[in-house]
Each structure stands twice: as structure tokens, then as C-alpha cells.
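In: the following block contains a protein sequence and its predicted model.
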Amino acid sequence: MMTVFCYDKTFDGLLSCLFDAYSLKDFPEQLLAVGEPLPLFCDHHYTVVTDETKSARVWKHITSKLSAAGTRELTHCWLSELPDIDMLLFRYLRKTIDSPCSIETNFADEDVLELSKIYKKVSYEAHRLIQFARFQKTSDGTYFAPLEPQFNTLPLAIHHFVDRFADEKFLIYDMKRHYGFYYDMHTTTEVTLTDEEERINNGRLNEAFADANETKYQQLWRSYYHTIAIKERINPRKRRQDMPVRYWKYLTEMQ
């Protein structure tokens, strides 16, 4: 018999699925978005309504059984947005709840091992985001950095920029997911640009929105980058490995 749960594809929704599964004593083999077609051989399906009270109870219990690193691994893996990551996390969380002790270092378990691998990939991508952010100054003095990370890692990296540029206004924007974080020197706010195409063209601010001297500074940076390069040591394969091509569009020195 195949059981399917349908939910809103949020992390609180996933925790609500866990709560309802234990209440119903019926655990899903598949998790789908609300409105998504059911599989052909589905015997039971439930629509789970996200409930913050339920999710908070589940989260409190889970965090009591995992270390801070183990809890961090869960949130990192959720931000990977990989196909079926919710089902992988559901199995892991169920094992965590049912086990008398923490399972986070039991790498003989295939789910534990797989989550560990995903966590490393997401953490590495968050580090790359910090490395490859290139700011462009706008006409109102705000520094703007468009990016397109492989995973949804902007929430993991934004604290670095707030600490590093506490005395500047900036907006770091995920072009793939169409949202970003704006910092006004006091608070950080999640924002969405309704006029992306008008403001940004091929990874660069359109001249109408850029500071008058921005083009000159970009030219200076490109000149410096190419001047210090040692031609005999240029290794295109190594550069693509260390600096993924998906970031080149937003790197001033690569334009």
C-alpha cells in the first residue's frame, strides 16, 4: 500500500508532515506539492496543512536529539533544493525521532551519508558565493551584487556581508530565485525586484541605475586583474574548477 502526503513544500510544512504521520500512524512513501498529480498506484493520500505549533513541537524534539552541527546540516540540506530532498530529510528525521541516540554520525546509514555529502556541497557553495560577489555602485549609493548560486545559499552567507560591510548600504540578489537581501546599515530585509530586466542586463547594472563613475572603476579593476596575471601560469581548466563558469557572468574581471 502506497501513502502520499501533499503539502506546501516549506520546511515548516515538512515538519507538519512528520507530526501528522505519527498522529495517523501512517508514513508516506512520497511527498508531493499540493495540486501535483498523484502517482498511479496511490492507495492513500493526505493533504497536510502547515501548522506552526505542530512544526515547533517537532523541531524542539529533533534539536534535543541532535548537536548544533547536526541541526545546521538539516537546514543546509533543505536549501539545496535538490529533487526529493524533502523525502530524504523526512526519512532522516523519522530515524532521529525513533532512535534512542543521535544518528548524525552513523555513516553506515545511507540517508545519513547522503545528507552529509549534500551538506558539504551546500556549505562549499555558500563559501563560493562569498568569494565571487562583485559589487556595483548604484546612483543612490547602494552597492549591488547579483549572483546565481547553484543552491539557495544566500541566507547562509548574508551574515558575512553584514559583518563585513556594516557601514554600507547594499543589496545582494539571487538572479536565479528572484529575491535578495537589502541592508540599510541597520536591518536586513528580504526583497524582490519587480523590474529586474529594466535594471540589470547580462549581470551588469544598466547605466541609468549605475553611479556615474562605476564604469571607470570596473575598467580599472579589469586592467589590474589582467596586469597582475602571469601568462605562463594561466590554467583555464584549473580556473573553471576553482571559479565555476556560472559565476563568470557576474564577475567584473571576466566581462
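Out: Looks like it arrived, so ask away. Numbers count the residues shown, from 1 in each chain.
In: what does N235 show for phi and psi?
Out: phi -130, psi 90 (degrees, to the nearest 10).
In: burial measure for it, as a count.
Out: Look at N235: counted by other Cβ atoms under 10 Å, it has 9 neighbours. Using the backbone N, CA and C atoms, a C-beta is placed for each residue, glycine as well.
In: now do the contacts for the closest residue to V48 other than its chain neighbours.
Out: Nearest in space to V48, with sequence neighbours left out and distances taken as Cβ to Cβ, 6 or more residues apart in numbering, is Y7 at 4.3 Å. If you count contacts by Cβ atoms under 8 Å, 6 or more residues apart in numbering, Y7 has them with G13, L14, S16, C17, L31, L32, A33, V34, T47, V48, T50.
In: rerun that using 6 Å as the cut-off
Out: The contact partners of Y7, taken as Cβ atoms under 6 Å, 6 or more residues apart in numbering, are G13, C17, V48.
In: likewise for Y183?
Out: Shown here is Y183, whose contacts under the criterion Cβ under 6 Å, 6+ apart are V162, F170.
In: model confidence for it, exactly?
Out: The model reports Y183 with a pLDDT of 97.
In: ramachandran angles for it?
Out: Per degrees, to the nearest 10, the residue geometry at Y183, taken as phi and psi, is phi -120, psi 130.
In: so what's it bridging to?
Out: F170, T188 (DSSP bridges).
In: this protein: strands as residue ranges?
Out: Shown for the chain, the strands assigned by DSSP state E span residues 3-7, 30-33, 44-47, 136-137, 143-147, 170-174, 179-183, 188-191, 200-201, 204-205.
In: the fourth one pairs with which strands, parallel or anti?
Out: Read that as strand 136-137. According to DSSP bridges, strand 136-137 forms sheet pairs with strand 143-147 (antiparallel).
In: roughly how far does C77 sit from S116?
Out: When Cβ to Cβ, to the nearest Å is applied, the distance between C77 and S116 equals 9 Å.
In: so the two - more neighbours on which side?
Out: Neighbour count, other Cβ under 10 Å: between C77 and S116, C77 has more, with 24 against 14.
In: wait, that one sits on K117?
Out: No: in terms of Cβ atoms under 6 Å, C77 does not count as a neighbour of K117; the distance is 9.5 Å.
In: give me the most central residue, this structure.
Out: Central residue check for the chain by Cα atoms, centre = their mean: the C-alpha nearest the mean position is that of N152, 1.8 Å away.
In: okay, and for the stretch 151-255 of the chain, where does confidence drop off?
Out: Applying pLDDT under 70 to the stretch 151-255 of the chain flags no residue at all.
In: try it again at 80.
Out: Residues of the stretch 151-255 of the chain that meet the criterion pLDDT under 80 lie in 255.
In: sorry, back to before: adding distance to D26, pLDDT and neighbour count, write the contacts of Y7 out as JSON lines.
Out: Converted to JSON lines, those look like this (distance: Cβ to Cβ, whole Å; pLDDT from 0 to 100; neighbours: other Cβ atoms under 10 Å):
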{"residue": "G13", "distance to D26": "17", "pLDDT": "97", "neighbour count": "21"}
{"residue": "C17", "distance to D26": "11", "pLDDT": "96", "neighbour count": "26"}
{"residue": "V48", "distance to D26": "12", "pLDDT": "96", "neighbour count": "23"}
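In: pLDDT wise, what is A68 at?
Out: On pLDDT, A68 comes in at 93.
In: actually P28, sorry about that
Out: The model reports P28 with a pLDDT of 94.
In: residues contacting it?
Out: Residues in contact with P28 (Cβ under 6 Å, 6+ apart) are T3, V4, F5.
In: from these, which is closest to I97?
Out: F5 (16.2 Å; Cβ to Cβ).
In: find the nearest non-adjacent residue to that closest one, please.
Out: If the residues on either side of it in the chain are set aside, F5 comes closest to P28, at 4.1 Å by Cβ to Cβ, 6+ apart.
In: ok, that neighbour to H45 distance?
Out: For P28, the distance to H45 equals 9 Å [Cβ to Cβ].
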